[in-house]
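Engineer: build me a model from this:
(one chain, ligands or ions: 1)
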Amino acid sequence: MKALITGASSGIGRDIAYYLASKGYDLILVARREDRLKEVQKKVSVNTKIIPMDLSIEKNVYKLYDMTKDENIDMLVNNAGFAVFGFTSKNDIDKEIQMMNVNINALYILTRLFLNDFIKRNSGYILNVGSSAGFLAGPKLNTYYATKNFVVKFTLGLYEELKHQKSNVHVSVLCPGPVETEFNKVGGGHFNVKALSSEYVAKYAIDKTLKNKYLIIPGITIKMALFFNRFLPYKLSLKVAYTIQDKKTR
Ligand SMILES: NC(=O)c1ccc[n+]([C@@H]2O[C@H](COP(=O)([O-])OP(=O)(O)OC[C@H]3O[C@@H](n4cnc5c(N)ncnc54)[C@H](OP(=O)(O)O)[C@@H]3O)[C@@H](O)[C@H]2O)c1
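Structural biologist: Prediction:
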């Protein structure tokens, strides 16, 4: 068994790498920071290849597929991603485009290319890391929330397509709330609520993926919050979201 994990140099991706290694998966690890990938490689006893790469550059994503398409990958984990906190009008446009390239385009291209190989073989898992943000609008973390809406809806739609195609390929989307990682440091924010550990989220996500669960939401608090949000009038939901996000940047 072999897994390709993007964003494996820290946080959820790194802990998914450790957990899959403990289950005997060989690994292909992708992120920009080579030293961090080497640290992960050193800590596991399975065969591990590291590919330092910037996934915000589209041609790199195609190159990554070319480098790995013959590796007989059983599981693709599209985890790389980041956020930019602040008012949309004040955020750096290039940074936000970079974020859309990583969070949406790289995930789309890798899913699309490996999907065809997996369909031909009639096996394989694709785990896309979305967010609870993928069900909501998120003022002051606006473009990030929009990218995660793409990830969630794209993966859920794909799940339904594969079911109707009677395929044995499984797609899942992971939708956590706050998780203790480098996410805030990178994005320029902080959480006001207790965050889950990335070890817990990684294990939960992989266990559910291997049980063919399509929608994976770790933690009862976020499950409840998403459930009750469905009944809020849209304007009130936006107000609540603004208040929560605003506090993260103060
Ligand atoms: N933490 C949370 O509260 C939370 C909640 C919901 C969803 N998520 C999602 O979980 C995923 C993982 O985030 P995390 O929380 O674990 O944050 P993290 O610790 O900052 O990890 C992000 C990973 O993405 C990689 N990455 C970022 N930009 C990249 C690029 N241009 N090219 C290649 N790799 C890149 C980073 O590696 P390099 O910097 O080495 O390139 C790192 O390995 C993200 O998709 C995030 O949106 C996080």
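Engineer: so where is this structure shaky, pLDDT-wise?
Structural biologist: Within the chain, not a single segment meets pLDDT under 70.
Engineer: output the set of residues of the chain in proximity to the ligand.
Structural biologist: Selection of the chain residues close to the ligand by CB under 6 Å from any ligand atom yields 7-13, 31-33, 36, 54-56, 79-82, 102, 129, 131, 176, 178-179, 181-183, 186, 198. From N, CA and C alone the C-beta is placed, and that goes for glycine too.
Engineer: for N47, see how far away the residue positioned nearest the centre of the chain is.
Structural biologist: In the chain, the residue lying closest to the centroid (CA atoms, centre = their mean) is V129, at 2.1 Å. Here the criterion is CB to CB, to the nearest Å. By it, V129 lies 24 Å from N47.
Engineer: helix/strand/coil for the nearest residue to A31 once chain neighbours are set aside?
Structural biologist: Closest residue in space to A31, ignoring its immediate chain neighbours: S9 at 3.6 Å, by CB to CB, 6 or more residues apart in numbering. The three-state label given to S9 by DSSP: H, G, I helix; E, B strand; the rest coil is coil.
Engineer: so S9 touches Q41, yeah?
Structural biologist: No: in this structure, S9 is not within contact of Q41 by CB atoms under 8 Å, at 10.6 Å.
Engineer: on that earlier part again, what is the neighbour count of the nearest residue to the residue nearest to the centre of the chain once chain neighbours are set aside?
Structural biologist: Leaving aside its sequence neighbours, V129 sits nearest to N79 (CB to CB, 6+ apart; 4.3 Å). N79 sits with 25 neighbouring residues when counted by other CB atoms under 10 Å.
Engineer: what about the helices in this structure?
Structural biologist: Assigned by DSSP state H, the helices in the chain fall at 11-22, 34-43, 58-68, 93-100, 107-121, 142-164, 183-187, 198-210, 220-229, 234-248.
Engineer: CA atoms of the third one as PDB?
Structural biologist: As requested, the backbone C-alpha atoms of helix 58-68 are provided in PDB (Å, rounded to 0.1, in the frame of the first residue of the first chain):
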ATOM      1  CA  GLU A  58       0.400  24.900 -11.800                       C
ATOM      2  CA  LYS A  59       3.100  23.300 -13.900                       C
ATOM      3  CA  ASN A  60       4.600  21.800 -10.700                       C
ATOM      4  CA  VAL A  61       1.300  20.000 -10.000                       C
ATOM      5  CA  TYR A  62       1.300  18.300 -13.500                       C
ATOM      6  CA  LYS A  63       5.000  17.500 -12.900                       C
ATOM      7  CA  LEU A  64       4.100  15.900  -9.600                       C
ATOM      8  CA  TYR A  65       1.600  13.700 -11.300                       C
ATOM      9  CA  ASP A  66       4.100  12.700 -14.000                       C
ATOM     10  CA  MET A  67       6.700  11.800 -11.300                       C
ATOM     11  CA  THR A  68       4.200   9.600  -9.300                       C
END
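Engineer: give the buried residues for that helix.
Structural biologist: 60-61, 64-65, 68 (16 or more other CB atoms under 10 Å).
Engineer: out of these, who's nearest K2?
Structural biologist: Nearest to K2 out of the buried residues of helix 58-68 is T68 (CB to CB; 9.3 Å).
Engineer: was I right to think that closest one contacts D26?
Structural biologist: No: T68 lies out of contact with D26 (CB under 8 Å); the separation is 11.8 Å.
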